[in-house]
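Undergrad: Coordinates for the following, if possible.
(2 chains)
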Amino acid sequence: MQLAKEVKYLIHKEVLLEWRSKYTINGVLLYVVSTIFTCYLSFVSLGDKLTWNALFWIIMLFASINGVSKSFLQETKGQQLYSYVLASPAAVLISKTVYNTILMLVLTTIALGFYTLVFDSFTPPDLLMYYVAVLLGSISFSTVFTMVSAIASKAGNGGMLMAILSFPIIIPVLILLIKLAKNAVDGLPWENSYDEITMLLVVNVLVVATSLLLFPYLWRD
Amino acid sequence: MHKTWWKILGSVLVIYTAIAGLLLHVPRLPILNETIRNLYFHVPMWFSMIVLFSISVFYSIKSLSTKSEIDDMKAVESVNAGIIFGLLGLVTGAIWAKYCWGEFWSFDPKQNFAAISVLLYFAYLILRNAIDEEQKRAKISAIYNIFAFPMMVVLLFVLPRLKDSLHPGNGGNPGFNSYDLDSRMRMVFYPACLGWILIGYWVYTIRFRIRTIENKQQHN
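TA: The predicted structure is shown next:
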């Protein structure tokens, strides 16, 4: 139960820090909104719903890389050392992942709202299923990017390394997400999407399990 | 002799499969026809790649606990050798696809996912180049290697089954199961796999020895 307590405190710390500066959330939000607006202005003539769906996920991918990579890259060495002394490595990783999931969930929800507002014709018929895709997307983006940003921050060469390391890992997840979201846009019955949903959950369990196993080796310098 | 028998065995098997694979009888299957012979040259590449990457993960796990430089060198050299086989697998697949599908690269899920899994290991090599300090490099790249391996398994073996692929063995296309009945093909296919895996392992040991010598020269 020590772990749960530590995780709770660390998440509280993350939220408090974010609440004080409001830098990440506002920054990424503005990033998402301006990207959606740019896309809208650039592709006005595109009428295909499926293209808009793919575009939505690509925008979310870049927004989440920007948002989540902050979690380890932004911290100074002193801050990291401080939290490592106070808490177990598992608690640090879990709290970062949970916090990033919450952050991504807030972001993607707002982005989806704005997206359906801007692209009037886009609104998927099965909004619940689309929201399940958004939920799974937020979880998978944050689990993968949290671990990769931890690796990239240790390598000491921030932005570019983050993209190179995470893209090959996130592409399979992204393909599954686009497929699931496409099912929602097409209004297919839920039975057709169980494969994708289970697959996404399996990938997430896999990623979280390997991250928890490897992170203790990573943070010790 | 006790140390070289497997090298001789590997070479003999590969020479045998190169000759027998091109000359022996193969069953006439629709669409595939004579291109079925690519089974002997294309599929063993992937098996060798998987074996070499598994060796690499094994040594990465070992290097995390032992922190020895030798384990780290073994891990990186098996990735180097494995990538060669991955690229050869992509090339042999693309040449086959030119004859069967009409294009070298037709963005079939199998092709895409195989290319992405090779990218994964290029990312591993770039990560190594980004870190100067040797021990740190060994540790961080080992962690990324172990983290990436399950993803490669998902990419190569699980995801293509969810998508519609034209690759033999997927989506009702004639595949390995229909050759299983033909024992004459197995006579060439299994030796080919074993031979190429042995050759791959040989390449890896040579590369490892070269790197060990280079390393020694640097330290002197």
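
Undergrad: Now the residue positioned nearest the centre of chain B: closest residue in space, sequence neighbours ignored.
TA: With distances taken as CA atoms, centre = their mean, B:M49 lies nearest the centre of chain B, 1.6 Å away. Leaving out its chain neighbours, the residue that sits closest to B:M49 by CB to CB, 6 or more residues apart in numbering or on different chains is B:F85, at 4.1 Å. (Each C-beta comes from the backbone N, C-alpha and C, glycine too.)

Undergrad: And A:I164, by the same measure?
TA: Here the residue nearest A:I164, using CB to CB, 6+ apart, is B:A123, at 5.0 Å.

Undergrad: thought the one you found was touching A:L165?
TA: Yes. B:A123 lies in contact with A:L165 (CB atoms under 8 Å); the separation is 5.3 Å.

Undergrad: who's more crowded, these two?
TA: A:L165 (27 against 21; other CB atoms under 10 Å in any protein chain shown).

Undergrad: need the contact list for the more buried one.
TA: Contact partners of A:L165, counting by CB atoms under 8 Å, 6 or more residues apart in numbering or on different chains, are A:V148, A:I151, A:A152, B:A123, B:L127, B:Y144.

Undergrad: hang on, isn't the residue nearest to B:M49 packed against B:S48?
TA: Yes. Under the criterion of CB under 8 Å, B:F85 makes contact with B:S48 at 4.6 Å.

Undergrad: shared neighbours, those two?
TA: Shared contacts of B:F85 and B:S48, counting by CB under 8 Å, 6+ apart, come down to B:W196, B:G200.

Undergrad: Give me the more crowded residue out of the two.
TA: Neighbour count, other CB under 10 Å: between B:F85 and B:S48, B:S48 has more, with 28 against 25.

Undergrad: residue of chain A with the smallest distance to chain B?
TA: At 4.0 Å from chain B, A:P168 is the closest residue in chain A, using CB to the nearest CB.

Undergrad: all helices for chain B, in order.
TA: For chain B, the helices defined by DSSP state H cover B:5-23, B:39-66, B:69-100, B:109-130, B:134-153, B:159-162, B:176-179, B:183-219.

Undergrad: Of the ones you listed, which shows the lowest average pLDDT?
TA: Mean pLDDT is lowest for helix B:176-179 among those, at a mean of 57.

Undergrad: How is the residue nearest to A:T123 when sequence neighbours are not counted assigned, secondary-structure-wise?
TA: Among residues not flanking A:T123 along the chain, A:T116 sits closest, at 4.8 Å (CB to CB, 6+ apart). Assigned by DSSP: H, G, I helix; E, B strand; the rest coil, the conformation of A:T116 is helix.

Undergrad: ok, A:T116 touching A:F122?
TA: Yes. A:T116 is within contact range of A:F122, at 5.7 Å (criterion: CB under 8 Å).

Undergrad: circling back: need the helices of chain B in CSV (columns: distance to A:A63).
TA: What follows is the helices of chain B, written out as CSV (distance: least, CB to CB, whole Å):
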stretch, distance to A:A63
helix B:5-23, 50
helix B:39-66, 32
helix B:69-100, 32
helix B:109-130, 21
helix B:134-153, 22
helix B:159-162, 24
helix B:176-179, 42
helix B:183-219, 41
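
Undergrad: So stretch A:192-209, near chain B or not?
TA: Yes. Contact of stretch A:192-209 with chain B (CB under 8 Å from any CB of the partner chain) involves A:D195, A:E196, A:M199, A:V203, A:L206, A:V207.

Undergrad: The fourth one: which element?
TA: Right, the one you point to is A:V203. helix A:194-219 (DSSP states H and E).

Undergrad: for that helix, which positions count as buried?
TA: A:196-197, A:199-200, A:203-204, A:206-208, A:210-211, A:214-215, A:218-219 (16 or more other CB atoms under 10 Å in any protein chain shown).

Undergrad: Then stretch B:123-136?
TA: Residues B:A123, B:Y124, B:L127, B:R128, B:A130, B:I131 are the ones in stretch B:123-136 that count as buried (16+ other CB under 10 Å).

Undergrad: what's the answer for stretch A:36-48, then?
TA: The neighbour-count check on stretch A:36-48 (16+ other CB under 10 Å) flags A:I36, A:C39 as buried.

Undergrad: Could you give the number of residues near the residue nearest to A:T123?
TA: Going by other CB under 10 Å, the residues that sit close to A:T116 add up to 16.

Undergrad: In the helix-or-strand element of chain A with minimal mean pLDDT, which residues are buried?
TA: One helix or strand of chain A scores below all others by mean pLDDT, DSSP states H and E: helix A:77-86, with a mean of 82. Within helix A:77-86, the residues that count as buried by 16+ other CB under 10 Å are A:Q80, A:S83.

Undergrad: Okay, angle between that helix and helix A:194-219 too, please.
TA: Orientation check (axes from the mean of the first three to the mean of the last three CA atoms, to 10 degrees): helix A:77-86 against helix A:194-219 gives 100 degrees.

Undergrad: Which residue is the nearest non-sequential neighbour of A:Y99?
TA: A:E14 (4.2 Å).

Undergrad: How about B:A138?
TA: B:D72 (3.8 Å).

Undergrad: what residues are up against that neighbour?
TA: B:Y59, B:S60, B:S63, B:R137, B:A138, B:S141, B:A142 are the contacts of B:D72 under CB under 8 Å, 6+ apart.

Undergrad: need those in a markdown table with neighbour count and distance to A:Y131, can you?
TA: Putting these into a markdown table (neighbours: other CB atoms under 10 Å in any protein chain shown; distance: CB to CB, whole Å) gives the following:
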| residue | neighbour count | distance to A:Y131 |
| --- | --- | --- |
| B:Y59 | 25 | 44 |
| B:S60 | 28 | 39 |
| B:S63 | 23 | 43 |
| B:R137 | 18 | 42 |
| B:A138 | 23 | 43 |
| B:S141 | 26 | 38 |
| B:A142 | 28 | 39 |
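
Undergrad: between those residues, which is nearest B:F157?
TA: For the contacts of B:D72, the closest approach to B:F157 (CB to CB) belongs to B:S60, at 20.2 Å.

Undergrad: Quick check: the gap between that closest one and chain A.
TA: Distance check for B:S60 against chain A: by CB to the nearest CB, to the nearest Å, it reads 10 Å.
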